[in-house]
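Participant: the following comprises the amino acid sequence and a computationally predicted model.
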Amino acid sequence: MLKSNAFASQTDSYKSSQSKVFSRSIRTQLLFAVNLPLVVLVTVFLVYDYNRMMGERVIDMHLALEEEAKTLLPAITRLSKGGTHDVQQYIDSVCEQMQTEKSPGHHIAVQTPSETLQATSHGRESPEMLAALHRAGDSSTGRASISNQEFVVGTAKSNKFIVYVAERLSNVKHRVRQAAIRRLSGILIAFVSVALLVNILLLRAVTHPVQKLVATVQQIGRGLFDVKFDSFNNAEMDYLATEINTMSQSLASADRNRKMQMAKAREIQQNLLPKNISSVSLRIAQLFEPAEDIGGDFYDILSLHDGSWLICVADVTGHGIPAAMSAAMLKTVLLQAVETQVSPATLLDVVNRRFVAVSLMEDFVSMTLIRVEPSVGQFQYASAGHEPAWLASSEGVLQELTSTGLLVGIDEYATWEEVDFLASTGTRLLLVTDGLSETFNSQGEMFGRARIAQLFNESRKLTIEQTIQRIDEAVRDFRGIASQQDDVTVVLVEMS
């Protein structure tokens, strides 16, 4: 009962507030009182004027076509002495000379004592057209329709011949519409001028409050949810300001909750990345920069059961929460696979089959797997459509390692080639995602793979940590004021 009474009280309060708002809305009442009758009167006038102009133009067109028919009749009478062939050629020639733009659907027919001839220049001759010409000739308006097209027909008669000259009504309608638009433009200019004089005082009453509302809403749109409105001396603006303040508070609460959730998600994703990698034969440095709070790039460094190491760099489609969820799922699948397999190509096959089984149709992954056997100085490499890796020998020879098969998640039965490389102390391997090479600056220029190769080659004498730092600084300097559009991951491995 208490809830019912409270609800009724709130409803009455809301209705009272609404009533007060609308009762004080003088601007709205005046706008309707002044402008609505003007709009109605102008609309009625334009409709009447359009119909009047259309009627006059149709009459003029009918008279013009009749004059044309009367002009053609003497020539047709003379030519008929040579036979209907000469008459046919003549009306074809006249029709052919008529411009389609100025005389659309122009057609001529001649009824002789023995037959009826129609012009064939534009392919409009047909029994239906002839029947329409006869109907128009018998009509006082000289109009007839065929195939949803209306024609105006002028006729001229003699003792032996009847000449029909027809033209589509569409051109007349087009000209009348243009004239109506021109007249409407003039009326609108006059109407707007009067309306401005009537409304200018009313607009001043709300212009300043609206500007303040817009400026504050823009600040809210930029994430500044703490801004609030003071009250206005205007019921409508005051009501709107109160609602915007309420909305801002709701958005602030939702934003705080979202940031807490995103911080937790980022913490979880950071926890999935490898930590405290310890190996006497390998030195590893990495860079991981998501485009958003969390990203779809994924890398891992795993110690395999046979004493070798597996280095994985992957890029899930998209970025943000969906991509991060797919990356977490990918790590789980990979961890399961390495319990029984060590070959990069075989691991890609296992990961692909399991990923296809649990992922959405539109999800796919580019991935590079490299197995390092320090004891024998060998790399085994397989890549599923991933960004090229770079291998730098201890002598400084740089080699690009390209993809050896399809992306993960496209074909359940896809296979990948595996390539072996010999390595010695000082050999370096650079793995990146396409977020690095496809970084754009404010001029739309792409960072590109050539810059990556050049930076890697020029950093041979630097430590791997210094090399990673140099790549990070180079891409940030290149990006400048442009925003980061994709996740960036760089992993650098050195045989030691």
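Facilitator: On my side now, so go ahead.

Participant: so where's the stretch 201-350 of the chain uncertain?
Facilitator: By pLDDT under 70, the low-scoring segments of the stretch 201-350 of the chain are 201-207.

Participant: that one: strands as residue ranges?
Facilitator: Taking DSSP state E, counting those that start in this stretch to define them, one finds strands in the stretch 201-350 of the chain at 282-289, 297-303, 309-316.

Participant: by how many degrees do the last one and strand 282-289 diverge?
Facilitator: Just to be clear, that refers to strand 309-316. Strand 309-316 runs at 10 degrees relative to strand 282-289, counting by axes from the mean of the first three to the mean of the last three Cα atoms, to 10 degrees.

Participant: what segments of the stretch 251-400 of the chain are helices?
Facilitator: Listed in chain order, the helices of the stretch 251-400 of the chain (DSSP state H, counting those that start in this stretch) span 321-337, 344-358.

Participant: switch those helices over to CSV; also include mean neighbour count.
Facilitator: For glycine as for every other residue, the C-beta is placed from the backbone atoms N, C-alpha and C. Listed next are these as CSV, based on neighbours: other Cβ atoms under 10 Å:
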stretch, mean neighbour count
helix 321-337, 19
helix 344-358, 20
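
Participant: out of the strands of the stretch 201-350 of the chain, which one sits most buried?
Facilitator: Neighbour counts (mean count of other Cβ atoms under 10 Å) averaged over each of these peak at strand 309-316, with a mean of 25.

Participant: now render the helices of the stretch 251-400 of the chain as JSON lines, adding distance to Arg143.
Facilitator: JSON lines is the format used below for the helices of the stretch 251-400 of the chain (distance: least, Cβ to Cβ, whole Å):
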{"stretch": "helix 321-337", "distance to Arg143": "64"}
{"stretch": "helix 344-358", "distance to Arg143": "68"}
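
Participant: out of these, nearest to Ser424?
Facilitator: Set against Ser424 and scored by Cβ to Cβ, the helices of the stretch 251-400 of the chain come closest in helix 344-358, at 20.4 Å.

Participant: mind putting the strands of the stretch 201-350 of the chain into CSV with distance to Gln378?
Facilitator: Below are those laid out as CSV (distance: least, Cβ to Cβ, whole Å):
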stretch, distance to Gln378
strand 282-289, 13
strand 297-303, 16
strand 309-316, 11
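
Participant: among those strands, which comes closest to Leu251?
Facilitator: strand 282-289 (28.1 Å).

Participant: to the chain's geometric centre, what's the distance from that closest one?
Facilitator: 38 Å (Cα atoms, centre = their mean, to the nearest Å).

Participant: that strand pairs with which strands, and in what direction?
Facilitator: strand 488-495 (antiparallel) (DSSP bridges).

Participant: angle of the strand it pairs with against strand 297-303?
Facilitator: If you take the same axes, to 10 degrees, strand 488-495 sits at 20 degrees to strand 297-303.

Participant: for strand 488-495, what is the distance to the chain centroid?
Facilitator: On Cα atoms, centre = their mean, the centre of strand 488-495 falls 37 Å from that of its chain.

Participant: now do the same for it: mean pLDDT, whole number.
Facilitator: For strand 488-495, the mean per-residue pLDDT is 93.

Participant: next one: stretch 113-125
Facilitator: For stretch 113-125, the mean pLDDT works out to 81.

Participant: contacts only, for Gln336.
Facilitator: If you count contacts by Cβ atoms under 8 Å, 6 or more residues apart in numbering, Gln336 has them with Arg354.

Participant: go with 10 Å
Facilitator: The contact partners of Gln336, by Cβ atoms under 10 Å, 6 or more residues apart in numbering, come to Val350, Val351, Arg354.

Participant: right, and the helix or strand after the longest helix along the chain?
Facilitator: Counting residues, the longest helix in the chain under DSSP state H turns out to be helix 26-79. The helix or strand immediately downstream of helix 26-79 is helix 84-97, counting by DSSP states H and E.

Participant: distance from that following helix to the middle of the chain?
Facilitator: That offset, for helix 84-97, works out to 54 Å (Cα atoms, centre = their mean).

Participant: quick one: strands adjacent to the following helix or strand past that helix?
Facilitator: Downstream of helix 84-97, the next assigned helix or strand under DSSP H and E is strand 107-111. Taking DSSP bridges as the criterion, strand 107-111 forms sheet pairs with strand 116-118 (antiparallel), strand 162-168 (antiparallel).

Participant: highest mean neighbour count out of these?
Facilitator: Mean neighbour counts for those (mean count of other Cβ under 10 Å) peak at strand 162-168, with a mean of 24.

Participant: and that one, how far out from the chain's middle?
Facilitator: The answer for strand 162-168 is 50 Å, by Cα atoms, centre = their mean.

Participant: now the angle between helix 84-97 and that strand, please.
Facilitator: When the same axes, to 10 degrees is applied, the directions of strand 162-168 and helix 84-97 differ by 20 degrees.

Participant: to Asn233, which of the strands of the stretch 201-350 of the chain lies closest?
Facilitator: Comparing the strands of the stretch 201-350 of the chain by their distance to Asn233 (Cβ to Cβ), the top pick is strand 282-289, with 51.3 Å.

Participant: grab the CA positions of the closest one and hand them over as CSV.
Facilitator: Provided in CSV are the C-alpha atoms of strand 282-289 (Å, rounded to 0.1, in the frame of the first residue of the first chain):
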residue,chain,number,x,y,z
LEU,A,282,68.0,-18.2,-24.3
ARG,A,283,67.6,-14.5,-23.6
ILE,A,284,64.1,-13.0,-24.3
ALA,A,285,62.7,-9.5,-24.3
GLN,A,286,59.1,-8.5,-25.2
LEU,A,287,56.8,-5.6,-25.8
PHE,A,288,53.0,-5.8,-25.4
GLU,A,289,50.8,-2.8,-26.1
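
Participant: quick one on the thing from earlier: between the helices of the stretch 251-400 of the chain, which gets nearest to Ser442?
Facilitator: The closest of the helices of the stretch 251-400 of the chain to Ser442 is helix 321-337. By Cβ to Cβ, the value is 25.3 Å.

Participant: tell me how far the closest one lies from the chain's centre.
Facilitator: 31 Å.

Participant: can you list the strands paired with strand 107-111 in JSON lines and add distance to Glu373?
Facilitator: Formatted as JSON lines, these follow (distance: least, Cβ to Cβ, whole Å):
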{"stretch": "strand 116-118", "distance to Glu373": "91"}
{"stretch": "strand 162-168", "distance to Glu373": "85"}
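
Participant: so Val152 bridges to which residues?
Facilitator: Arg143, Glu167.

Participant: same check on the one 10 residues further on?
Facilitator: Beta-bridge partners for Ile162, by DSSP bridges, are Gln111, Lys157.

Participant: just checking, it touches Leu73?
Facilitator: Yes - the pair Ile162 / Leu73 is scored as a contact, 8.8 Å apart, by Cβ atoms under 10 Å.
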